[in-house]
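A.B. asks: here you go, sequence then predicted model.
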Amino acid sequence: MNYYEESKSELASMEEMKEQLEAFLNKKLLPRLNAVVATRDEFENEISEYKEVAEKIDLLIKRRKLEGNRIQQPLYGNVDLGHKLAFACAVVDDPETIFLDVGYGFHVELGLQEAADFIVKRINFVRTIKLSKVVKESNEIAQHYKETLLLLENIREETEKM
(Lines give C-alpha, C1' and ligand atoms only; values in the text may rest on other atoms or scores of the structure.)
Protein backbone atom coordinates (compact mmCIF):
# COMPACT_ATOMS: atom_id res chain seq x y z
CA MET A 1 0.00 0.00 0.00
CA ASN A 2 1.38 3.40 -0.89
CA TYR A 3 1.31 6.60 1.17
CA TYR A 4 -1.76 7.96 -0.63
CA GLU A 5 -3.82 4.83 0.06
CA GLU A 6 -2.71 4.74 3.72
CA SER A 7 -3.67 8.39 4.12
CA LYS A 8 -7.04 7.80 2.48
CA SER A 9 -7.71 4.79 4.72
CA GLU A 10 -6.70 6.74 7.83
CA LEU A 11 -8.98 9.63 6.81
CA ALA A 12 -11.92 7.25 6.35
CA SER A 13 -11.21 5.73 9.75
CA MET A 14 -11.14 9.17 11.39
CA GLU A 15 -14.38 10.16 9.66
CA GLU A 16 -16.02 6.98 10.94
CA MET A 17 -14.75 7.69 14.46
CA LYS A 18 -16.05 11.25 14.20
CA GLU A 19 -19.51 9.99 13.19
CA GLN A 20 -19.55 7.50 16.06
CA LEU A 21 -18.58 10.18 18.57
CA GLU A 22 -21.23 12.56 17.24
CA ALA A 23 -23.84 9.80 17.50
CA PHE A 24 -22.71 9.01 21.06
CA LEU A 25 -22.89 12.69 21.93
CA ASN A 26 -26.34 13.27 20.46
CA LYS A 27 -28.03 9.94 21.19
CA LYS A 28 -26.54 9.02 24.57
CA LEU A 29 -24.93 11.88 26.47
CA LEU A 30 -27.26 14.75 25.58
CA PRO A 31 -30.51 12.89 26.42
CA ARG A 32 -28.97 11.61 29.68
CA LEU A 33 -27.81 15.11 30.59
CA ASN A 34 -31.24 16.58 29.83
CA ALA A 35 -32.96 13.91 31.93
CA VAL A 36 -30.63 14.45 34.88
CA VAL A 37 -31.02 18.22 34.69
CA ALA A 38 -34.82 17.82 34.63
CA THR A 39 -34.62 15.61 37.73
CA ARG A 40 -32.37 18.15 39.44
CA ASP A 41 -34.88 20.89 38.64
CA GLU A 42 -37.68 18.78 40.15
CA PHE A 43 -35.73 18.36 43.40
CA GLU A 44 -34.91 22.06 43.55
CA ASN A 45 -38.57 22.86 42.96
CA GLU A 46 -39.57 20.46 45.74
CA ILE A 47 -37.17 22.21 48.13
CA SER A 48 -38.55 25.59 47.09
CA GLU A 49 -42.14 24.47 47.69
CA TYR A 50 -41.28 23.07 51.13
CA LYS A 51 -39.54 26.33 52.04
CA GLU A 52 -42.63 28.27 51.00
CA VAL A 53 -44.85 26.03 53.16
CA ALA A 54 -42.40 26.36 56.06
CA GLU A 55 -42.64 30.17 55.88
CA LYS A 56 -46.44 29.98 55.98
CA ILE A 57 -46.33 27.57 58.92
CA ASP A 58 -43.97 29.92 60.79
CA LEU A 59 -46.44 32.75 60.22
CA LEU A 60 -49.26 30.56 61.55
CA ILE A 61 -47.23 29.64 64.63
CA LYS A 62 -46.49 33.33 65.30
CA ARG A 63 -50.14 34.19 64.73
CA ARG A 64 -51.16 31.46 67.18
CA LYS A 65 -48.87 32.92 69.86
CA LEU A 66 -50.36 36.38 69.33
CA GLU A 67 -53.94 35.11 69.53
CA GLY A 68 -53.41 33.14 72.73
CA ASN A 69 -52.41 29.57 71.81
CA ARG A 70 -55.28 29.06 69.34
CA ILE A 71 -55.76 30.59 65.91
CA GLN A 72 -59.17 32.18 66.00
CA GLN A 73 -59.54 33.53 62.48
CA PRO A 74 -59.91 31.33 59.42
CA LEU A 75 -57.08 30.93 56.95
CA TYR A 76 -57.68 31.74 53.28
CA GLY A 77 -55.66 30.43 50.37
CA ASN A 78 -55.54 28.56 47.08
CA VAL A 79 -55.52 24.78 46.92
CA ASP A 80 -54.02 22.76 44.10
CA LEU A 81 -56.67 20.38 42.80
CA GLY A 82 -54.20 18.33 40.82
CA HIS A 83 -50.90 18.63 39.00
CA LYS A 84 -50.87 22.43 39.32
CA LEU A 85 -53.47 22.67 36.58
CA ALA A 86 -56.51 23.69 38.59
CA PHE A 87 -56.77 25.67 41.80
CA ALA A 88 -59.67 26.49 44.11
CA CYS A 89 -60.11 29.09 46.82
CA ALA A 90 -60.11 27.51 50.25
CA VAL A 91 -61.11 28.56 53.74
CA VAL A 92 -59.61 26.68 56.67
CA ASP A 93 -61.63 27.30 59.82
CA ASP A 94 -59.16 25.60 62.15
CA PRO A 95 -55.58 25.88 60.85
CA GLU A 96 -54.09 24.12 63.87
CA THR A 97 -53.35 21.05 61.75
CA ILE A 98 -52.49 20.79 58.08
CA PHE A 99 -52.19 18.03 55.52
CA LEU A 100 -48.67 17.85 54.22
CA ASP A 101 -47.31 15.96 51.22
CA VAL A 102 -44.71 13.59 52.67
CA GLY A 103 -43.69 12.08 49.35
CA TYR A 104 -44.92 9.39 46.97
CA GLY A 105 -48.33 11.07 46.85
CA PHE A 106 -49.09 10.55 50.54
CA HIS A 107 -50.51 13.38 52.62
CA VAL A 108 -50.41 13.25 56.41
CA GLU A 109 -52.29 15.42 58.88
CA LEU A 110 -49.76 17.09 61.17
CA GLY A 111 -49.79 19.75 63.82
CA LEU A 112 -48.06 22.99 62.89
CA GLN A 113 -44.89 22.28 64.85
CA GLU A 114 -44.77 18.68 63.62
CA ALA A 115 -45.11 19.92 60.05
CA ALA A 116 -42.35 22.48 60.57
CA ASP A 117 -40.05 19.80 61.99
CA PHE A 118 -40.87 17.39 59.15
CA ILE A 119 -40.16 20.06 56.52
CA VAL A 120 -36.70 20.73 57.95
CA LYS A 121 -35.92 17.00 57.80
CA ARG A 122 -37.41 16.60 54.31
CA ILE A 123 -35.45 19.54 52.88
CA ASN A 124 -32.27 18.16 54.44
CA PHE A 125 -33.00 14.70 52.97
CA VAL A 126 -33.71 16.02 49.48
CA ARG A 127 -30.59 18.22 49.55
CA THR A 128 -28.12 15.75 50.99
CA ILE A 129 -29.33 12.48 49.49
CA LYS A 130 -31.35 13.09 46.34
CA LEU A 131 -30.04 16.39 45.02
CA SER A 132 -26.36 15.78 45.73
CA LYS A 133 -26.50 12.46 43.87
CA VAL A 134 -28.15 14.05 40.83
CA VAL A 135 -25.76 17.02 40.82
CA LYS A 136 -22.80 14.65 40.95
CA GLU A 137 -24.20 12.63 38.05
CA SER A 138 -24.94 15.75 35.99
CA ASN A 139 -21.40 17.02 36.57
CA GLU A 140 -19.96 13.67 35.42
CA ILE A 141 -22.12 13.66 32.29
CA ALA A 142 -21.20 17.28 31.55
CA GLN A 143 -17.52 16.37 31.91
CA HIS A 144 -17.93 13.44 29.49
CA TYR A 145 -19.74 15.77 27.12
CA LYS A 146 -16.88 18.31 27.22
CA GLU A 147 -14.27 15.59 26.73
CA THR A 148 -16.17 14.18 23.76
CA LEU A 149 -16.42 17.64 22.20
CA LEU A 150 -12.68 18.13 22.69
CA LEU A 151 -11.98 14.78 21.07
CA LEU A 152 -14.23 15.67 18.14
CA GLU A 153 -12.41 18.97 17.71
CA ASN A 154 -9.05 17.17 17.71
CA ILE A 155 -10.32 14.73 15.06
CA ARG A 156 -11.56 17.64 12.92
CA GLU A 157 -8.16 19.31 13.16
CA GLU A 158 -6.38 16.10 12.21
CA THR A 159 -8.63 15.50 9.21
CA GLU A 160 -8.04 19.07 8.01
CA LYS A 161 -4.28 18.48 8.11
CA MET A 162 -4.64 15.47 5.86
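C.D. replies: That came in fine, so what should we check first? Numbers count the residues shown, from 1 in each chain.
A.B. asks: for the most centrally placed residue in the chain, list the residues it contacts.
C.D. replies: Centre of the chain computed as the mean C-alpha position; nearest residue by CA atoms, centre = their mean is R40, 1.8 Å away. Shown in contact with R40 (CB atoms under 8 Å, 6 or more residues apart in numbering): L131, V134, V135, S138. C-betas here are computed from N, CA, C, even on glycine.
A.B. asks: quick one, grab the pLDDT at it.
C.D. replies: With respect to pLDDT, R40 scores 94.
A.B. asks: quick one, strands of the chain?
C.D. replies: 75-82, 86-92, 97-103, 106-111 (DSSP state E).
A.B. asks: what does stretch 135-146 contact?
C.D. replies: Contact with stretch 135-146 is made by L25, L29, L30, R32, L33, V36, V37, R40, as judged by CB under 8 Å, 6+ apart.
A.B. asks: what subset of the residues you listed is buried?
C.D. replies: The neighbour-count test (16 or more other CB atoms under 10 Å) marks L25, L29, R32, L33, V36, R40 as buried among these.
A.B. asks: report the separation between the residue lying closest to the first one once chain neighbours are set aside and K18.
C.D. replies: By that I understand L25. Leaving aside its sequence neighbours, L25 sits nearest to T148 (CB to CB, 6 or more residues apart in numbering; 5.2 Å). According to CB to CB, to the nearest Å, T148 stands 11 Å off from K18.
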